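**Q** sharing a model that was predicted from the sequence below.
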Amino acid sequence: MKIYRLSIVAAALLSQQIHCLGALFKPTDDFSFFFSGKYRPETFYAHNYSLLNNNMHEDQSYFSRHTLDVTIDSFYGLGTYGWNVAQMKTTVRNRAIWGDPASISPVTPAVIDDLGANDFSHNHFIPRNIMWIREFWLSFDVGTAFGLTFNNPQTFIIGAFPFLLGRGIALGEAYAIGNSTLGFYTDFNIDQFAWGASFYGDLVKDVLRYDFYTGIVRNNTASVSKNIEPIFAQEMGKRDNPERGFGSVNFIVAQKFQWSVFKNDYWGNLTLEPYGFFNHDPEQSVEFRADAESKLLTLGFAGEFESARWGFGFDTAMNMGRQRVRSWDRNRVVRQLRDGVDMRVNSHVYVGVDPRNPSSVTNFEPYQVPSSKNVVSVATSDISSVGKQADRLINTSPQSEFFNGKPIGVVSDFSVDMPFIPNNVSPALTDQLFNANNRYRSGYKNKYKGWMFVADSGIYFCGKDLQLAATAGIASGDDNPNFQTIDGDYAGFIGLQEIYSGKRVRSAFLLGSAGKLQIPLSTPTTDQAPTKFAQMSSGFTNLVFWGAGLHYEPSHMKKRIVFNPNMYMYWQDRATHQFDAVKKIETDQFAHTFLGTELNLFFDYYMFRDLKLFYVSSIFVPGNHFTHIKGKPFNSRHARLLEATTITSRDAKNIPNIGDDVAFTLNIGLEYRF
């Protein structure tokens, strides 16, 4: 009986709560809301999608995942003002790879200071299916809010919302995505839009529209602890004042105008869009955290025309501005394993080794760190005055490229008192400390001079059931300027937050967020380069292409069907060097610029109006460029694989690393909108 009465009470309380929630969300004359969403389960498989090499069996990917977006759109003002003067939109998302808890919500990596060593980072993940805010913004009419009279509505919007210029190539919606060649901050693609604000409205009703936008990419000045963080301790000349200081904000300011040149049933619609944006990034990373800063200005012009029989569009932009790479002391305390003991050593200071004379130590190649000869740091060796004297010499030595490879000083009995110092040190160099050949890097500037142009056109048949389309484009390219460490120009185009994958002709393999193929630039030849390996290039840069596509959507079918095959052919704008896998070196000859051909198919079948089955597949046939760079290593693991492989012919089938084999991808799933 008590259980029964408790159940009645619980039911009454639940009914009251539901009634309260209903009253809260009940539409009124002024307030209305709409609930919508999308659920998308899908499965992916990709083969050779990164290295194009059948010998690299790990270059495959299979996973199933889901994406759930839930949106609440609310409006205010219809009853009082006769129209909606305010709107708020909230979209929350959950996405995860099935069976992989780490894919749900990985956190950003943090640099770990482990007893003075800070050469590694660490991150965690949230292994639960949480929801996060993807889009959240409030907009309102400025004139109504402040009692002002305008000829046309003027709107202010603030929050996390999508914003792009032109086709989203120069500046797109993919928050914190950028070209990695110059060190632009990157993060996962559009799981969240950038936070910002915008004023927009009509200057001339239905003819000229403006949009002024500002957004925050990253804020490192939100607290005193961030302001005093010693991030510039390795910048030359800042040993005594390494703090970040106030005002380190990565922000974007953008402006665009949309001019409706004409809009009628006879001529069609023509819209032109001049635009520009400025991005200030005070803490880029070329080799180390915050070792560069950038000021990027991009000006562009886009247009779209659409009529009953055909349409075309274009987008072009050019980069201006510069990247300033700071003068830097590369020496850090890092971890090394010596005789089974985890030691902390100086990365760019050696004892008993003259870096200018490789013969002073066995198996020591120029510009390579002789790992058994680094000076042990006093951070883990509380050896009285000897170790402290060595650290004092290292940390007070003059900072200039002139002192690279030069002696720092002598610490008497250092090799006797400090553990794990090798016994085969030359007697003439005993207790002598040396800078590495590349310990110091002088500052320099890179001027931005990249540009891009893309255009497409389509002709309609059978009403608009069938469209035949073609596209072409070019994005200028260049080698990584940070491999030279001198003042210079960077001619490669820089697109910020860009994931362009085509409009009338779509790409499913190389362009956009689907593209996983990494195209290497030339291998650096100087010891001042950040790495011995070629920089990887991806995105809309150093690329020339043309393509064609067919879009068929028959209007007479009871069930909606969309059939969309496409073809792309790709080239490099700037040629890079060939690689000889037999000799295991990069040659002076340039590789062919033809990257290859992409064939893809997009197919949608709407089982119901709001439920569709989709299928996307692609095949990439590599061009001569990849044949000319077969075997090229991108990292130390690739270098070891190549060194361990016996190659007797340029056409040997066992060449590791990058290859020239066919790649393909497959994506199938459901999408339900509600």
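**A** Right, received. Where do you want to start?

**Q** alpha carbons only for contacts and neighbour counts from here, please
**A** Will do.

**Q** hey, where'd the strands end up in the stretch 551-674 of the chain?
**A** 561-571, 577-580, 585-590, 594-608, 611-622, 663-673 (DSSP state E, counting those that start in this stretch).

**Q** is it possible to export the ones you listed to CSV including distance to Lys295?
**A** Supplementary listing: the strands of the stretch 551-674 of the chain in CSV, determined by distance: least, CA to CA, whole Å:
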stretch, distance to Lys295
strand 561-571, 29
strand 577-580, 30
strand 585-590, 32
strand 594-608, 32
strand 611-622, 36
strand 663-673, 38
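
**Q** looking at those strands, which is closest to Arg439?
**A** Among those, the nearest to Arg439 by CA to CA is strand 585-590 (25.4 Å).

**Q** pull up the pairing partners for the closest one, direction included.
**A** Here strand 585-590 has these sheet partners by DSSP bridges: strand 577-580 (antiparallel).

**Q** and the helices in the protein?
**A** 2-25, 78-81, 142-146, 224-227, 385-396, 414-417, 624-628, 636-643 (DSSP state H).

**Q** put the alpha carbons of the fifth one into PDB.
**A** Read that as helix 385-396. The C-alpha trace of helix 385-396 is given here as PDB (Å, rounded to 0.1, in the frame of the first residue of the first chain):
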ATOM      1  CA  SER A 385      79.500  22.600  -7.700                       C
ATOM      2  CA  VAL A 386      80.600  20.700 -10.800                       C
ATOM      3  CA  GLY A 387      77.200  20.100 -12.300                       C
ATOM      4  CA  LYS A 388      75.900  23.500 -11.200                       C
ATOM      5  CA  GLN A 389      78.900  25.200 -12.800                       C
ATOM      6  CA  ALA A 390      78.100  23.400 -16.100                       C
ATOM      7  CA  ASP A 391      74.500  24.400 -16.000                       C
ATOM      8  CA  ARG A 392      75.600  28.000 -15.200                       C
ATOM      9  CA  LEU A 393      77.900  28.100 -18.200                       C
ATOM     10  CA  ILE A 394      75.200  26.700 -20.500                       C
ATOM     11  CA  ASN A 395      72.500  29.100 -19.300                       C
ATOM     12  CA  THR A 396      74.600  32.200 -19.400                       C
END
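
**Q** so where's this structure shaky on pLDDT?
**A** 1-28, 105-124, 176-189, 339, 358-372, 378-384, 415-429, 513-516, 649-652 (pLDDT under 70).

**Q** need the strands of the stretch 551-674 of the chain in CSV with mean neighbour count and distance to Gly300, can you?
**A** Formatted as CSV, the strands of the stretch 551-674 of the chain follow (neighbours: other CA atoms under 10 Å; distance: least, CA to CA, whole Å):
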stretch, mean neighbour count, distance to Gly300
strand 561-571, 20, 23
strand 577-580, 21, 32
strand 585-590, 14, 32
strand 594-608, 19, 27
strand 611-622, 19, 31
strand 663-673, 19, 34
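
**Q** out of the ones you listed, which is closest to Pro162?
**A** Proximity to Pro162 (CA to CA) singles out strand 663-673 among the strands of the stretch 551-674 of the chain, at 20.0 Å.

**Q** tell me the helices and strands packed up against that closest one.
**A** When contacts are defined as 3 or more CA pairs under 8 Å, 6 or more residues apart in numbering; DSSP states H and E, strand 663-673 packs onto strand 31-47, strand 611-622.

**Q** what's in contact with it?
**A** 36-49, 52, 509, 610-621 (CA atoms under 8 Å, 6 or more residues apart in numbering).

**Q** in the sheet, who's paired with the closest residue to Asp580 other than its chain neighbours?
**A** Take Asp580 and drop its neighbours on the chain: the residue closest to it by CA to CA, 6 or more residues apart in numbering is Glu586, 6.0 Å away. For Glu586, the beta-bridge partners are Phe579 (DSSP bridges).

**Q** distance check, Glu586 against Thr155.
**A** According to CA to CA, to the nearest Å, Glu586 stands 57 Å off from Thr155.

**Q** same question, Gly409
**A** From Gly409 to Thr155 the distance is 67 Å (CA to CA).

**Q** tell me which of the two has more neighbours.
**A** Thr155 (20 against 16; other CA atoms under 10 Å).

**Q** leaving out sequence neighbours, find the closest residue to the more buried one.
**A** Among residues not flanking Thr155 along the chain, Asp141 sits closest, at 4.6 Å (CA to CA, 6+ apart).

**Q** repeat that for Tyr213.
**A** Nearest non-adjacent residue to Tyr213 (CA to CA, 6+ apart): Ser198, at 4.3 Å.

**Q** who's in contact with that neighbour?
**A** Contacts for Ser198 were tallied using CA under 8 Å, 6+ apart; they are Phe156, Ile157, Ile158, Asp211, Phe212, Tyr213, Thr214.

**Q** who does the third one bridge with?
**A** When you say that, I think you mean Ile158. Judged by DSSP bridges, the bridge partners of Ile158 are Leu138, Ala197.

**Q** in this structure it contacts Ala197, no?
**A** Yes - taking CA atoms under 8 Å as the definition, Ile158 is a contact partner of Ala197 at 4.2 Å.

**Q** picking that back up, burial measure for the residue nearest to Thr155, as a count.
**A** 19.

**Q** equivalent analysis for the one 5 residues further on, please.
**A** Look at Phe146: counted by other CA under 10 Å, it has 8 neighbours.

**Q** what's the spacing between it and Phe156?
**A** Taking CA to CA, one finds Phe146 at 12 Å from Phe156.

**Q** Pro101 against Ile130, yeah?
**A** No - using CA under 8 Å, Pro101 is not in contact with Ile130, being 11.0 Å away.

**Q** what sits in contact with each of those two?
**A** The overlap between the contact sets of Pro101 and Ile130 (CA under 8 Å, 6+ apart) is empty.

**Q** and the strands in the stretch 251-400 of the chain?
**A** 268-284, 292-306, 310-325, 328-329, 333-338, 341-351, 374-376.

**Q** mind putting those in a markdown table, mean neighbour count included?
**A** As requested, the strands of the stretch 251-400 of the chain are exported to a markdown table (neighbours: other CA atoms under 10 Å):
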| stretch | mean neighbour count |
| --- | --- |
| strand 268-284 | 20 |
| strand 292-306 | 21 |
| strand 310-325 | 21 |
| strand 328-329 | 22 |
| strand 333-338 | 19 |
| strand 341-351 | 23 |
| strand 374-376 | 28 |
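
**Q** could I get those as TSV with distance to Val386?
**A** Formatted as TSV, the strands of the stretch 251-400 of the chain follow (distance: least, CA to CA, whole Å):
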stretch	distance to Val386
strand 268-284	37
strand 292-306	36
strand 310-325	36
strand 328-329	23
strand 333-338	18
strand 341-351	13
strand 374-376	11
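
**Q** and of these, who's closest to Ala591?
**A** Closest among the strands of the stretch 251-400 of the chain, once you apply CA to CA, is strand 310-325, at 26.8 Å.

**Q** helices or strands next to the closest one in the packing?
**A** Using 3+ CA pairs under 8 Å, 6+ apart, strand 310-325 sits against strand 292-306, strand 444-448, strand 451-461.

**Q** what's the angle between the second one and strand 310-325?
**A** I take that to be strand 444-448. Angle between the axes of strand 444-448 and strand 310-325 is 170 degrees (criterion: axes from the mean of the first three to the mean of the last three CA atoms, to 10 degrees).

**Q** chain center to strand 444-448, what's the gap?
**A** On the basis of CA atoms, centre = their mean, to the nearest Å, strand 444-448 sits 21 Å off its chain's mean C-alpha point.

**Q** now for the residue nearest to Gln578 when sequence neighbours are not counted, how many residues are close by?
**A** Take Gln578 and drop its neighbours on the chain: the residue closest to it by CA to CA, 6+ apart is Ala591, 4.6 Å away. Using other CA under 10 Å, the number of residues around Ala591 comes to 19.
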